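# Requesting a structural model of the entry that follows:
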Amino acid sequence: MSRVKWSLLLAAMFIAMLAWYLVYTEQVVQAFRAETATLTRMYAEVQSGLADPDEQAPEEALFQLQRIVVESGVPLVLSGPGDTILSAVNLPFEADPGTPEGQERVRDYARRLDLVRPPVGDSGVALVHFGDTPELLQLRWIPWLQVAGLFITFLTGYVVLRSQREAAADRAWTSMA
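Presented below is the predicted three-dimensional model:
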């Protein structure tokens, strides 16, 4: 391939990686904005529950908070005494905690969550085991993809320069002969 074509290929690869990085960064910013909006909604629910003179308002605010947390996409497992699974939401798989198989599968998942971070709550009453949001799980792979892309670009550039240098040397030997 001629020198110009390789240069265009490298430039196109670099521009594609840069565009991908910008698009992904914008997606991360949007995810953080959505999380900020969720936290703001939670704060507003707490304030409205505290300020409302109705006796049912605090309880209704708690149910609203629970709904908002479930909508956030965070995997949550609520376990009671004796490792009984009381409820589970936003799991990466389907399981019915009402069946023994579902209980065991969700219990295993809760143990895996506990390896990353300890559960919260009172073990005598209930513990909440929680995981990462889908956005955070995707974010973990980005540095590796970026390094791989940069390595491929560097390797391609090295191969191109080396082949061009060898071609120039061959032309020099041919012209001397």
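# so where is this protein shaky, pLDDT-wise?
By pLDDT under 70, the low-scoring segments of the chain are 1-4, 6, 177.
# Show the residue spans covered by the strands in it.
76-79, 85-89, 120-122, 126-130 (DSSP state E).
# and Asp52, how many residues sit next to it?
13 (other CB atoms under 10 Å). C-beta here means a position set from N, CA and C on the backbone, and glycine is covered the same way.
# same thing with His129?
Neighbours of His129 (other CB under 10 Å): 25.
# what about the helices in the chain?
3-51, 57-71, 100-116, 134-139, 142-176 (DSSP state H).
# Report the buried residues of stretch 38-57.
Neighbour-count burial for stretch 38-57, counted by 16 or more other CB atoms under 10 Å, picks out Arg41, Met42, Glu45, Gly49.
# Also stretch 117-129?
Residues Pro119, Ala126, Leu127, Val128, His129 are the ones in stretch 117-129 that count as buried (16+ other CB under 10 Å).
# and of the residues you listed, the nearest to Ala110?
His129 (4.1 Å; CB to CB).
# in terms of contact, does that closest one touch Val77 like I think?
Yes. With contact defined as CB atoms under 8 Å, His129 and Val77 form a contacting pair (4.2 Å).
# Name the residues contacting each of the two.
Ala110, Leu113 (CB atoms under 8 Å, 6 or more residues apart in numbering).
# returning to what we had before: using CSV, lay out the strands of the chain together with distance to Tyr21.
Formatted as CSV, the strands of the chain follow (distance: least, CB to CB, whole Å):
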stretch, distance to Tyr21
strand 76-79, 32
strand 85-89, 33
strand 120-122, 35
strand 126-130, 30
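# Gln146: which of those is closest?
strand 126-130 (28.1 Å).
# Give me the helices and strands touching that closest one, please.
When contacts are defined as 3 or more CB pairs under 8 Å, 6 or more residues apart in numbering; DSSP states H and E, strand 126-130 sits against strand 76-79, helix 100-116, strand 120-122.
# now do 10 Å
The elements that strand 126-130 packs onto, with contact taken as 3 or more CB pairs under 10 Å, 6 or more residues apart in numbering; DSSP states H and E, are strand 76-79, strand 85-89, helix 100-116, strand 120-122.
# can you tell me which of the buried residues of stretch 117-129 lies nearest to Asp96?
Closest to Asp96, out of all of the buried residues of stretch 117-129 and judged by CB to CB, is His129, at 17.6 Å.
# Much appreciated, bye for now.
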